[in-house]
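Asks: can you look at this prediction? I've put the sequence above it.
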Amino acid sequence: MLLGFDIGGTKCAVIIGKVADDKIVIVDKRVVATDKPVYEMIELLFATAENLLLEHHLSTGELKGIGISCGGPLSSKKGLILSPPNLIGWDKIPIVQMAEERFKIKTLLQNDANACAVAEWKYGAGKGIDNLIFLTFGTGMGAGLILNGKLYSGPSDLAGEVGHIRLSNMGPVGFGKAGSFEGYCSGGGIAQLGQIKAREKLQVGETVSFCKTIDDLPNISAKTIAEAALQGDETAIAVYRMCAEYLGKGLAMLIDVLNPEMIVLGSIYGRARQLLEPVMMEVIKQEAYAESVDMCRIVPAGLGESIGDIAALSLALMSSDQQG
C-alpha cells in the first residue's frame, strides 16, 4: 500500500493507493482545507492519514512508501519545504523527517510540478514521451521537466520555476512579482484580472454578471469568471483572453528554449480549454520557432482531476523502489 500527501495552497489531500496492472489505483482519499498554522496543519494531515489507514484496517507497517507533493520552492535532497509563495509560514519545514519519524517508512518529497510531470510521463498523457513539460496552472504556475527520459530538477531543485518569469512590467502579482507568468496564468492571477476588469466596468455604471457590486470584488475567482465567460459575459471573456495571450507568450518561450515533444497543462486548462486554446495557439504560432511548434503537442493532463493524487502516490512508489 502507498500513502501520499498532496499539499496545496488552498487544500491538501491524503491518499492511499496501490499498484495494479502497471497503474496506480486510488483506494481512498480525504481532502482538508489549508487553513491552519503550519505545524497544526501537518499534525492534521498525519492524523488524517492514520485514521484513513485505520478505516481500511491497514497498519503503517503495510505501507511500502510515502510521497509528499508540495508547491515549491523546496529541497527534495534535504526534505525541506522552503517558503512557497502559496503556503505562508512554511519556512524550512523538515517535512520528510517528520513523516519518517511518525510513520517509520521511507518518504520522498518533490515539488508538485515535478511530481505531476512524473505521473503524466509514467501513467498519463505523456506515456512514452521522452521530452515533455508539465505546467501546474492551478493555484500557482510551476513546471516539471522531463528531458531525454529523465526528470530534470536542477542542482538547487529550482528548475521549472517558470511562474517567476516576468512577462510584463506591470500586471497581476504572482510569485511575489507583478506581471509574472504566475501573475497572469494561475487561479489567483485570473481572479486579480477579473477584479481589475470588473472594477473598471462597475465604476462607469456598467454591469458584470460575475460581480454585482464593488463589495463583491473579493469573492471573484477563476471559476466564477470561467462560468460567466461560458455564459457569454464579455468582461469574463476578455479576462480569459488576456490570460490566454500571456499563456501563449510563456509557452512560446519554453518551446523555443527546450523544444519539447509535448506540453501538458494541468488544472485550469482542463476546465477552461475552450476559453484559452484558440488565443493561446495564435500567440504561440506568432512567437515561437515554427518547426518547434510543429513538433510540440499541447494537451490537458491525461490524469485529469486525479493528477495530484496520482502524483503523490507516484512519489510513494519511487520511495518504495529506492528501498527495494
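Replies: Sure, I can see it.
Asks: tell me which element Asn169 is part of?
Replies: Using DSSP states H and E, no element contains Asn169; it sits outside every helix and strand.
Asks: start the count at 567, not 1, going forward
Replies: Noted, 567 is the first residue going forward, which turns the last one into Asn735.
Asks: okay, the residue lying closest to it once chain neighbours are set aside: pLDDT?
Replies: Excluding the flanking residues, the one nearest Asn735 by Cβ to Cβ, 6 or more residues apart in numbering is Gly745, at 5.8 Å. Heads up, the C-betas are built off the backbone N, CA and C, glycines and all. For Gly745, the pLDDT comes out at 96.
Asks: surely Gly745 meets Gly729?
Replies: No - counting by Cβ atoms under 8 Å, Gly745 does not reach Gly729; the two are 11.8 Å apart.
Asks: okay, the two: which has more neighbours?
Replies: Neighbours per residue (other Cβ atoms under 10 Å) separate Gly745 from Gly729, with Gly729 holding more: 30 against 17.
Asks: check the gap between the residue most central in space within the chain and Gly726 for me.
Replies: Most central in the chain under Cα atoms, centre = their mean is Thr702, positioned 3.1 Å from the mean C-alpha point. According to Cβ to Cβ, to the nearest Å, Thr702 and Gly726 sit 10 Å apart.
Asks: identify the contacts common to the two.
Replies: Taking Cβ atoms under 8 Å, 6 or more residues apart in numbering as the contact rule, Thr702 and Gly726 both touch Ala679, Gly708, Ala709.
Asks: ok, then the element right after the host helix or strand of the first one?
Replies: When you say that, I think you mean Ala679. Applying DSSP H and E as the criterion places Ala679 in helix 678-689. Sequence-wise, the next helix or strand downstream of helix 678-689 (DSSP H and E) is strand 698-701.
Asks: can you list the neighbours in contact with that following strand?
Replies: By Cβ under 8 Å, 6+ apart, the residues outside strand 698-701 that reach it are 679, 682-683, 686-687, 692, 707-712, 726, 728, 817, 820, 824, 826-832, 835, 867.
Asks: in strands, which of those residues appear?
Replies: Filtering the contacts of strand 698-701 for membership in strands, criterion DSSP state E, returns Ala709, Gly710, Leu711, Ile712, Met828, Ile829, Val830, Leu831.
Asks: residue contacts, the residue nearest to the centre of the chain?
Replies: Counting by Cβ under 8 Å, 6+ apart, Thr702 touches Gly637, Asp678, Ala679, Cys682, Gly708, Ala709, Gly832, Ser833.
Asks: quick one: contacts for the fifth one?
Replies: So that's Gly708. So Gly708 contacts Gly637, Gly638, Asn677, Asp678, Ala679, Leu701, Thr702, Gly726, Glu727, Val728, Gly729, Glu748 (Cβ under 8 Å, 6+ apart).
Asks: helix, strand, or coil at the residue lying closest to the third one once chain neighbours are set aside?
Replies: In this case it means Asn677. Leaving aside its chain neighbours, Asn677 sits nearest to Gly638 (3.6 Å; criterion: Cβ to Cβ, 6+ apart). State at Gly638, reduced to three classes by DSSP: H, G, I helix; E, B strand; the rest coil: coil.
Asks: give me phi/psi at Gly638?
Replies: Dihedral angles of Gly638 (phi, psi; degrees, to the nearest 10) stand at phi -80, psi 180.
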